[in-house]
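> Predicted model and sequence follow; I will ask about them next.
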Amino acid sequence: MAASPDTHETQALPPIADDFQTPEMEQAKKGAGVPDANDLALEDINPLNAHLYREDRFASHFARLRAEDPVHFNELETSGRYWSITRYDDIKTISSQPEIFSSAEGISLGFKVGTEAQGGFPASQAPFISQDGNKHDEQRATVQPSVAPRNLAKLEPMIRKRTQELLDELPEGATFDWVDTVSIELTTLMLATLFDFPLEDRRKLTRWSDIVFAIPGPGGVVETQEQKRSELMECVQYFTGLWAERRGKEGNDLVTMLANGESTKHLSAAEQLGNLLLLIVGGNDTTRNTMTGSVYGFDKYPDEFAKIQADPGMIKKMVPEIVRWQTPLSYMRRTANQDVEFGGKQIKKHDQVLLWYLSANRDEDVFPNGEVLDLDRPNAARHLSFGWGPHFCMGSRLAEMQLRVLWEEALPRFERVEVVEEPERIFSSFVHGYATLPIQIRRK
């Protein structure tokens, strides 16, 4: 199916040394069992630690930072200086100033700006979410029609039919993994449709999405950084073939749009990797973790599930509250273009700035009792799960529609969706989600 990349494209992903270490790997070495935030000195709090999310213990760390140090400094050898922004209003302010706080250096914590660390990607391969100004706007506009309201209206009947068929096939009274059986399957089918990707290979999209932000290590999604690089090259090779097939042709799928868009058609497959992975992660990880979070949240707060059982019209209120409560991407990064004072702190040029959406969506000044799922929350739609400003998630309406359709079809079918054991959570401080969620259903 896929052609091999040319020499230029192969060299675009440089070799990786055996002792190569990413910022995430460095932070992961801090180990499990991080103390509660109230048992740490303020300067020792670091919400980047992925163990906090796998163990679901991040809440006290963000609560203390919001209260005592909302513009919080940390430093790692690989990444250098970085700041955690944890309050709602501060994140909106920074997101609205791309000329000062740029997206151009990356969306997750990276290496020290200006260093030539092995394993880094050339700036030419940055996805449009990691760009500012006209370049961002032009490339985003190339694929925007795929999730425009008119196209979503055409997609909804297909999404509903697939959801109906899948829910009808679920086993009653037997334990199964909701993540793999429902969330991944529905979102991957949707993503394959948007890409016009061969359905028989659709789980490749899931795999590539999983490894993008995976922290290499024994027993993890990938064992080594070299394995991660190798599988990303498989992604490049596969899409090279699709790219070649669709160049010069008309179509509404994302690959055809990128292959023929004025601002993207001259990019090689390797250079296009960033955009492809952005669209894969955006269409897969976020929606599937929100779908899973809705099941887990309703099990944790059964009175809220009773509300939509009694009044299915509340599904419209449910959608933004679930998206707020789950917050499928914990943060997004910006990089300071200049020395700037913010929140009483001196942020230096090239410092990385982490906008913690997961914290902002629990900011007590905006969302009282924000740790709780509450379908009657009057301002749930003000959440920052989709970002703010010029980089607001272009697929937000599609994600909301998929979640809405899921529960519009689940409510008439299921009396109860019961979590039988705690989920296994993703080992990541960037993607906030679930690896497994064992459940049983009881039909009406």
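Arrived safely.

> Look up how far Phe111 lies from Gln227.
According to CB to CB, to the nearest Å, Gln227 and Phe111 sit 20 Å apart. Every residue, glycine included, has its C-beta placed from N, CA and C.

> Comparing those two, which shows the higher neighbour count?
Using other CB atoms under 10 Å as the criterion, Gln227 and Phe111 rank with Phe111 on top: 20 against 16.

> can I assume the more buried one sits in a strand?
No - per DSSP: H, G, I helix; E, B strand; the rest coil, Phe111 lies outside any strand segment and is coil.

> Can you tell me how far it is from Leu76?
Separation of Phe111 from Leu76 (CB to CB) stands at 10 Å.

> One more: Thr163?
If you go by CB to CB, the gap between Thr163 and Leu76 works out to 43 Å.

> and Glu341, backbone torsions?
With angles defined as degrees, to the nearest 10, Glu341 sits at phi -90, psi 130.

> got a list of what the closest residue in space to it that isn't next to it in sequence touches?
Nearest in space to Glu341, with sequence neighbours left out and distances taken as CB to CB, 6 or more residues apart in numbering, is Ile347 at 7.3 Å. Neighbouring residues of Ile347 by CB atoms under 8 Å, 6 or more residues apart in numbering: Val71, Trp83, Ala336, Asp339, Val340, Glu341, Val353.

> Okay, the first one and Val353: tell me how far apart.
It refers to Val71. Distance from Val71 to Val353, by CB to CB: 9 Å.

> So for the two, which residues contact both of them?
Contacts common to Val71 and Val353, judged by CB under 8 Å, 6+ apart, are Trp83, Ile85, Ile347.

> Point out where the stretch 201-350 of the chain drops to low pLDDT.
268-271, 273-274 (pLDDT under 70).

> where exactly do the strands run in it?
With strands called from DSSP state E, counting those that start in this stretch, the stretch 201-350 of the chain shows them at 331-336, 340-342, 345-347.

> The second one - which strands sit beside it in the sheet, and in what orientation?
Neighbouring strands of strand 340-342 in its sheet, by DSSP bridges, are strand 345-347 (antiparallel).

> What's the first helix or strand after the partner strand?
strand 352-356 (DSSP states H and E).

> That next one versus strand 331-336: what angle between them?
Relative orientation of strand 352-356 versus strand 331-336 (axes from the mean of the first three to the mean of the last three CA atoms, to 10 degrees): 150 degrees.

> Kindly spell out which helices and strands sit in contact with whichever helix or strand comes after strand 352-356.
Following strand 352-356 in sequence order, the next helix or strand is helix 357-360 (DSSP H and E). Applying 3 or more CB pairs under 8 Å, 6 or more residues apart in numbering; DSSP states H and E, one finds that helix 357-360 makes contact with helix 59-68, helix 88-95, strand 331-336.

> Can you show me the helices along the stretch 51-200 of the chain?
Assigned by DSSP state H, counting those that start in this stretch, the helices in the stretch 51-200 of the chain fall at 51-54, 59-68, 88-95, 133-143, 149-169, 178, 185-195.

> right, so the ones you listed: which one is the most enclosed?
helix 178 (a mean of 24; mean count of other CB atoms under 10 Å).

> contacts for that one?
By CB under 8 Å, 6+ apart, helix 178 touches Thr292, Val295, Val417, Leu437, Pro438, Ile439.

> swap the cut-off to 10 Å and go again
170, 184, 291-292, 294-296, 417, 419, 423, 434, 436-441 (CB atoms under 10 Å, 6 or more residues apart in numbering).

> Please pick the buried ones from the residues you listed.
Taking 16 or more other CB atoms under 10 Å as the criterion, what is buried in the contacts of helix 178 is 170, 184, 291-292, 294-296, 417, 419, 423, 434, 437-441.

> I'd assumed Ala50 was in contact with Pro216.
No - using CB atoms under 10 Å as the test, Pro216 is too far from Ala50 to be in contact (12.0 Å).

> List the contacts of Phe305.
By CB under 10 Å, 6+ apart, the neighbours of Phe305 are Ser294, Val295, Gly297, Phe298, Asp299, Met318, Leu373, Leu375, Trp407, Leu411, Arg416, Val417.
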